[in-house]
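Peer 1: predicted structure and sequence below. I'll ask about it afterward.
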Amino acid sequence: MRIQGKITQVLPLKEGLSQQGTPWKKQTYVVMEDDAEKAFPNEMVVDLFNDKIPETPLVVGQRVDVHFGIRTREYNGRVYNDVNVVRMRKLEN
């Protein structure tokens, strides 16, 4: 799937170790889609992991093109959706 939009929030970088002891990093962004025809455009929380995190940080107001997949998982009897970015690139404003 794909959306184009503007970053509205950049959440703090999270880091940790997996159960196997492998280090991981996760960067979360909130992106509001570009759609002039919608009265209320959608906002989406997207996660970038490890090597998908750009070396040059993305900032609030930056326009981006986001290619993503949705993964559903169950935890403690509840079901969650995760939006995982496959590729995210900057667009000219």
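Peer 2: Ah, there it is. In this text, all values refer to a predicted model and were calculated from it rather than measured experimentally. Numbers count the residues shown, from 1 in each chain.
Peer 1: next up, the contacts around residue 30.
Peer 2: By C-beta atoms under 8 Å, 6 or more residues apart in numbering, residue 30 lies in contact with 7-9, 11, 43-46. All C-beta atoms are positioned from the backbone trio N, CA, C, and that covers glycine.
Peer 1: same check, this time on residue 44
Peer 2: Counting by C-beta under 8 Å, 6+ apart, residue 44 makes contact with 3, 5, 30-33, 66, 83.
Peer 1: closest to residue 17 among the residues you listed?
Peer 2: Nearest to residue 17 among the contacts of residue 44: residue 83, at 23.5 Å, using C-beta to C-beta.
Peer 1: can you count the residues close to that closest one?
Peer 2: Residue 83: 17 surrounding residues under other C-beta atoms under 10 Å.
Peer 1: dump the contacts of residue 30 to a markdown table, plus pLDDT.
Peer 2: Putting the contacts of residue 30 into a markdown table (pLDDT from 0 to 100) gives the following:
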| residue | pLDDT |
| --- | --- |
| 7 | 96 |
| 8 | 95 |
| 9 | 97 |
| 11 | 96 |
| 43 | 91 |
| 44 | 91 |
| 45 | 92 |
| 46 | 91 |
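Peer 1: pull out the buried members of the residues you listed.
Peer 2: 7, 44, 46 (16 or more other C-beta atoms under 10 Å).
Peer 1: so is the second one in a helix, a strand, or just coil?
Peer 2: Classification of residue 44 using DSSP: H, G, I helix; E, B strand; the rest coil returns strand.
Peer 1: follow-up on the earlier one: so which of the contacts of residue 30 comes closest to residue 75?
Peer 2: Residue 75 lies nearest to residue 45 out of those, by C-beta to C-beta, at 16.9 Å.
Peer 1: isn't the closest one up against residue 82?
Peer 2: No: taking C-beta atoms under 8 Å as the definition, residue 45 is not a contact partner of residue 82, at 9.2 Å.
Peer 1: circling back to that earlier point, go through the contacts of residue 30 and say which is closest to residue 56.
Peer 2: residue 7 (13.2 Å).
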